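**Student:** Have a look; sequence and predicted model below, questions after that.
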Amino acid sequence: MTTTPNPAHNPATDTVLDALAAVLEQRRHAAADDSYVAALHHKGLNKILEKVGEEATETLLAAKDAEHGNDAERQALIAETADLWFHSLVMLSHLELDHRPVLDELARRFGVSGHAEKADRTRS
Ligand SMILES: N=c1c2ncn([C@@H]3O[C@H](COP(=O)(O)OP(=O)(O)OP(=O)(O)O)[C@@H](O)[C@H]3O)c2ncn1[C@@H]1O[C@H](COP(=O)(O)O)[C@@H](O)[C@H]1O
């Protein structure tokens, strides 16, 4: 019997996300002086949201540069996207939410056309 791999569960990315999430959880109780993440938790949700917004803006500016850009500009977009994902994980952690349900939600949506999903939504 063959099994279809679930594309939302890639061992490589799962490992790094799981490891990072565990560190972020540990940092919720760490001293602010020792850790950037702990410092963000100490500053509170508004500061974390400010960072998420800032990184989102930097990501979209980097995407515009990358559209017709060179390798360095495309690499800069990867770095900005990592900053955005990282700060989004800090936001979830601050609210005591796990990242796994986000992956599960993407897995649930996998293979469902966005057009079909939207049509279902407007019907109900
Ligand atoms: N993945 C990251 C990561 N990505 C980005 N950053 C930091 O996020 C910040 C974003 O850059 P900015 O220039 O916008 O921030 P800033 O100017 O320093 O901050 P503000 O003064 O604007 O608030 C930088 O300080 C980066 O170092 C990260 N800091 C930590 N991690 C991970 O989190 C773990 C825990 O980090 P610590 O809590 O610092 O030990 C690390 O081992 C990493 O795995």
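**Tutor:** Structure received.

**Student:** Just the pLDDT for the residue nearest in space to the middle of the chain.
**Tutor:** Closest residue to the average C-alpha location of the chain: residue 85 at 3.1 Å, with C-alpha atoms, centre = their mean. On the pLDDT scale, residue 85 is placed at 97.

**Student:** gap between it and residue 24?
**Tutor:** Noted for residue 85: a distance of 12 Å to residue 24, by C-beta to C-beta, to the nearest Å. The way it works is simple: take the backbone N, C-alpha and C, and place the C-beta from them, glycine included.

**Student:** cool, and residue 123?
**Tutor:** Separation of residue 123 from residue 24 (C-beta to C-beta) stands at 39 Å.

**Student:** now do residue 47
**Tutor:** Using C-beta to C-beta, residue 47 is found at 15 Å from residue 24.

**Student:** okay, the two: which has more neighbours?
**Tutor:** Set residue 47 next to residue 24 and count neighbours by other C-beta atoms under 10 Å: residue 24 wins out with 22 against 15.

**Student:** hey, C-alpha coordinates of the helix or strand of the chain with the lowest mean pLDDT in CSV?
**Tutor:** When the helices and strands of the chain are scored by mean pLDDT, DSSP states H and E, helix 114-123 comes last with a mean of 79. Extracted in CSV, the C-alpha atoms of helix 114-123 (Å, rounded to 0.1, in the frame of the first residue of the first chain):
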residue,chain,number,x,y,z
GLY,A,114,-9.5,29.2,-3.5
HIS,A,115,-12.3,29.9,-6.0
ALA,A,116,-14.2,26.8,-4.9
GLU,A,117,-13.7,27.6,-1.2
LYS,A,118,-14.9,31.2,-1.7
ALA,A,119,-18.0,30.0,-3.6
ASP,A,120,-18.9,27.7,-0.7
ARG,A,121,-18.5,30.5,1.7
THR,A,122,-20.9,32.8,-0.1
ARG,A,123,-23.4,29.9,-0.4
